[in-house]
Every structure is written in structure tokens, then in C-alpha cells.
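Q: prediction below, plus the sequence it came from.
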Amino acid sequence: MRHSDPAVAAPNAAETVDPWIGRTIAGEFDLVERLGAGVQGTVYRAEQRPSGRSVAVKLLTGPNAHDMQHRMRFLREVRALELLDHPSIVGLLRYGTLRDEGPESGGLYIVEELVEGTSLERVIDTEGALAPARALDIARQVLDALAVAHRHGVVHRDIKPAHILLRRDGFGHEQVTLIDFGLARREDGFDDDDEDLTQAGWMLGSPLYMAPEPLAELPVGPAADQYSLGVVLFEMLAGHAPFRGTLETVLLGHAVDPVPRLPLEVDPTGELSAVITRAMAKSPSSRFADPRAMSAALAELTGLFGGEDDTLIDPPSAELLARFAEHEAERARDGGDGTGSVRRSRAPGERSRRRSRWLLSASAVAASLAVGSAAAAASPWF
Ligand SMILES: Nc1ncnc2c1ncn2[C@@H]1O[C@H](COP(=O)(O)OP(=O)(O)O)[C@@H](O)[C@H]1O
Ligand SMILES: [Mg+2]
């Protein structure tokens, strides 16, 4: 079950019927090609007059343009991006209201830096699991972006592979750009007036990557971004998300199930799994203190997995092999399963009591999500 941005895969088909192609927005942005669409709007590649510079234009048009929730999400993105200036966070160039567009007047637009690359979602779909060195590099760049966002009191709340764009810089190094701050929340109280909207929006976000906080009716703070990135890191390394199946199974997984261990061939010593398990701790206070702390933990492992070079899958380093042998010896001594602090043991009775309590809550959320999806399916703009 993957919640992908639906129109990303078929830009050519969309281009032939999209009435916006060839139009000029705000007197200076010629819309050239449709890049994708999400829950919120449609994104185009545009050329800015008179320079011809390529930019990305996100439009909120059609019936959603008159819907307060969608307008608020657009505004959220603008407010968050206005605060943030970082090479791994998409740059905001302009925004405004569409004028002189006939029935579409009153719609909203955001002009952003164009990321000429691909999404992590597409990379995982086409290439499967990533080499650990590459996955760690991507995760650490996202953490760098999150550190800046959190320092400014901005929580992204929709971290997932479709919102992590990848491009190569002049030296061939893979660069991350974090996009879609439409669910972002500012911790300075700016957004407090519409918490119901964002709580609902968060629920409708991406269950595969969702932190358990909303299920426990806890506030969704910065630690939720870390949880979602933990899920993304697991998916990059394993080729699939840690909790899969029906919506209910996924929600229950987040709520009560232990984080699965990565395959042994990917993570022989369990150290990567330990980092992911900590990032995905059920209780926000048990996670890393902040993105920087998680990044430091990953940095310690980078050397074990072939370092910075993301073009080669190196054989295991001597150090990795030595640590593996040490770990195996320790495991033989303890007679344990080798996961160290990764799993906490719990009495079977306690586990099933916890599951049934959460099952009720997950069923309620699943039901409300089903209603949301039905409403979404009925709208031509989703
Ligand atoms: N700045 C950008 N550069 C290139 N492609 C982009 C950019 N912003 C968005 N996209 C593409 O458009 C898709 C939808 O964008 P997103 O911001 O997630 O919209 P929504 O708020 O509607 O979910 C993305 O998955 C990506 O493929
Ligand atoms: Mg999106």
C-alpha cells in the first residue's frame, strides 16, 4: 500500500489535456509542462519571463480553490517556506492570487525553485533498496533540513519519499530537496486556531509514514518528523516500509508493533536497525533528542558502509567484518537474538491487551480515513 502522488507517473498524458499548459501566470510565468500533483494542487514546470529561467509553479484551482482547508494548506506552505532558507529545503520565489483568469480568478499560486531530478519514491519503485551508504547520505541531508526547520519552530508533518526530491550537483553528488510544507505547523502558535484542520490533514497524510502520536491523541511535534524519517530510512534500506498491509495493520504497526529488523545482509551488526528503532520509538521522548543527534548516530555508521561514495557498493570494510565477528561472539555468549536494545521484551498477556486497546483506536482512525478517501476520490482535483 503506497500512497503516491497520483499524477506523477504520467506527465505526457496529462500534458495533452491540461488546459493550463501554455498559459501565463502572474504575467511572467509561462506554464510549460505538468510535473506532478498531490493532495493539494498541481505542479508545473514554468519559464519565467524575460530570462527564461525554469521554475516550479504550484496551482490551487478548480473547486478546491474555494475550499478553506485547501487555501489554509497553501498558506501554511508559504508561511513555512518564508521562514526557511536552506539548500535542502525548496526555495520559495513568489506566491499570490490568480487574477484575470475568468472563473479561475481567486485561485492561488506558489512559485518555487525547480528541482530537476526525481523523487525518492520513484527511485525506490524503480531501483528497489538503496545501497546503505546512499541511504545514509540521503537521510542525513533530510535531517540537516529538519534541524533547520525545527530550529525555526516548523514541523513538516508529511515526511515521505514523494516529498524527498533528488538531483545530482555539478560533481555528481546526490542532493536532497525537501518539498511540500502544506501540512507544516509552526510552533509559535501561528497555526493554533485551526488545529482541527491540521489534525485531520495529518490523518489524511500518509499512514505508511505516520508517527503514532495522533493515534494516542498526543500532539504532533518535531519528533514526529524524526519518526517518519525513520520509516523512510527503513524503506530505503529494505526496499519496503516497515509496516505494510491493510490500513488497520499499518496503523496498529505504528501503535504497538516492534520495528522489524533490517535483513541481516544489509545490517549484519544490527546497528542500523538500532538507530531506526530509536527514531521510531513509540514514545516521542524516547527518540533521539533532535535531528542533529540522529544524524550523529548515522554518521558513526557511515564509515562502515563504504563512506561517501554513492556510486559503488563496496564489499564490507575490515572494520565492519571485525565488528560483526565481535557481535557474533557477544551473541553466542549471551545466548540472545543479537538485537541488543532494539527490542524490549514484553509479557505475552501485556502485548495482547495493548493490541486490543489500540485495535479500537486504529479501527476508528481507519474508518475516518476511509471516509476521507471516498471524499477525495469524488473530487476531480485529487
Ligand atoms: N519544486 C519542485 N520541483 C520539481 N518537482 C516538484 C516540485 N514541487 C513539487 N514537485 C512535484 O509535484 C509533486 C506534488 O508536489 P507537492 O508539493 O507534494 O504537492 P501537494 O501539496 O499537492 O501534495 C511532487 O511529488 C513532485 O513530483
Ligand atoms: Mg504532496
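A: Alright, I've got the coordinates. All values reported here derive from a predicted model rather than from experimental measurement. Ligands and ions are numbered 1, 2, ... in the order given.
Q: how many neighbouring residues does the residue in the chain that ligand 2 sits nearest to have?
A: Nearest residue of the chain to ligand 2, counting by Cβ to the ion: residue 38, 3.1 Å away. To be clear about C-beta, it is placed using only N, CA and C from the backbone, and glycine gets the same treatment. Counted with other Cβ atoms under 10 Å, the neighbours of residue 38 add up to 20.
Q: any chance of the backbone angles for it?
A: Per-residue torsions, residue 38: phi -120, psi -160 (degrees, to the nearest 10).
Q: so what pLDDT did it get?
A: The confidence metric pLDDT takes the value 81 at residue 38.
Q: pretty sure it contacts residue 162?
A: Yes: in this structure residue 38 lies within contact range of residue 162 using Cβ atoms under 8 Å: 7.5 Å.
Q: which parts of the stretch 151-300 of the chain sit against ligand 1?
A: 162-163, 165, 179-180, 182 (Cβ under 6 Å from any ligand atom).
Q: switch these over to JSON lines; also include neighbour count, secondary structure and pLDDT.
A: Listed next are those as JSON lines, based on neighbours: other Cβ atoms under 10 Å; DSSP: H, G, I helix; E, B strand; the rest coil; pLDDT from 0 to 100:
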{"residue": "162", "neighbour count": "21", "secondary structure": "helix", "pLDDT": "96"}
{"residue": "163", "neighbour count": "26", "secondary structure": "helix", "pLDDT": "97"}
{"residue": "165", "neighbour count": "25", "secondary structure": "strand", "pLDDT": "98"}
{"residue": "179", "neighbour count": "24", "secondary structure": "coil", "pLDDT": "97"}
{"residue": "180", "neighbour count": "24", "secondary structure": "coil", "pLDDT": "95"}
{"residue": "182", "neighbour count": "27", "secondary structure": "coil", "pLDDT": "90"}
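Q: what bridges to the nearest residue to residue 116 once chain neighbours are set aside?
A: Spatial nearest neighbour of residue 116, excluding adjacent residues (Cβ to Cβ, 6 or more residues apart in numbering): residue 167 at 5.7 Å. Following DSSP bridges, residue 167 is listed with bridge partners residue 175.
Q: which among the residues of the stretch 151-300 of the chain next to ligand 1 are in contact with ligand 2?
A: Near ligand 2, judged by Cβ under 5 Å from the ion, the entries from these are residue 180.
Q: which one of the residues of the stretch 151-300 of the chain next to ligand 1 is nearest residue 101?
A: Closest approach to residue 101 among those (Cβ to Cβ): residue 182, at 21.6 Å.
Q: where does the closest residue to that closest one other than its chain neighbours fall, secondary structure wise?
A: Nearest residue to residue 182 in three dimensions, chain neighbours excluded: residue 73, at 4.2 Å (Cβ to Cβ, 6+ apart). Assignment of secondary structure by DSSP states H and E places residue 73 within helix 68-83.
Q: quick check: next helix or strand after that helix?
A: Following helix 68-83 in sequence, per DSSP H and E, is strand 92-97.
Q: who does that following strand pair up with?
A: strand 108-113 (antiparallel).
Q: any residue of the helix or strand that the strand it pairs with is followed by touching ligand 1?
A: Following strand 108-113 in sequence order, the next helix or strand is strand 118-119 (DSSP H and E). Yes: in terms of Cβ under 6 Å from any ligand atom, part of strand 118-119 sits within range of ligand 1, namely residue 119.
Q: quick one on the thing from earlier: how about a markdown table for the residues of the stretch 151-300 of the chain next to ligand 1, with distance to residue 94 added?
A: Below are these laid out as a markdown table (distance: Cβ to Cβ, whole Å):
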| residue | distance to residue 94 |
| --- | --- |
| 162 | 24 |
| 163 | 21 |
| 165 | 20 |
| 179 | 16 |
| 180 | 17 |
| 182 | 17 |
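Q: quick one, strands of the stretch 151-300 of the chain?
A: 154-155, 164-168, 174-178, 185-186 (DSSP state E, counting those that start in this stretch).
Q: the ones you listed: which one's closest to residue 259?
A: Ranking these by proximity to residue 259 (Cβ to Cβ) places strand 164-168 first, at 20.0 Å.
Q: who touches that closest one?
A: Identification of contacts with strand 164-168 by Cβ atoms under 8 Å, 6 or more residues apart in numbering yields 90, 115-121, 123, 138, 142, 174-179, 232.
Q: among the residues you listed, name the buried ones.
A: For the contacts of strand 164-168, a burial check counting by 16 or more other Cβ atoms under 10 Å picks out 90, 115, 117, 119-121, 123, 138, 142, 174-179, 232.
Q: between these, which is nearest residue 155?
A: residue 178 (12.4 Å).
Q: now the closest one: how far from residue 100?
A: The gap separating residue 178 from residue 100 is 33 Å, by Cβ to Cβ, to the nearest Å.
Q: what number of residues lie near residue 246?
A: 10.
Q: and residue 22, by the same measure?
A: Residue 22 has 9 nearby residues by other Cβ under 10 Å.
Q: what's it in contact with, if anything?
A: 30-31.
Q: and it, what are its phi and psi?
A: phi 90, psi -10.
Q: hang on, residue 93 packs against residue 55?
A: Yes: counting by Cβ under 8 Å, residue 93 does reach residue 55; the two are 6.1 Å apart.
Q: quickly list what's touching both of the two.
A: With Cβ under 8 Å, 6+ apart as the test, residue 93 and residue 55 both reach 111-113.
Q: measure the spatially closest residue to residue 129 that is not a sequence neighbour to residue 183 for me?
A: With sequence-adjacent residues excluded and distances taken as Cβ to Cβ, 6+ apart, residue 129 is closest to residue 239, at 3.6 Å. Distance, residue 239 to residue 183, using Cβ to Cβ: 26 Å.
Q: right, I'll leave it there.
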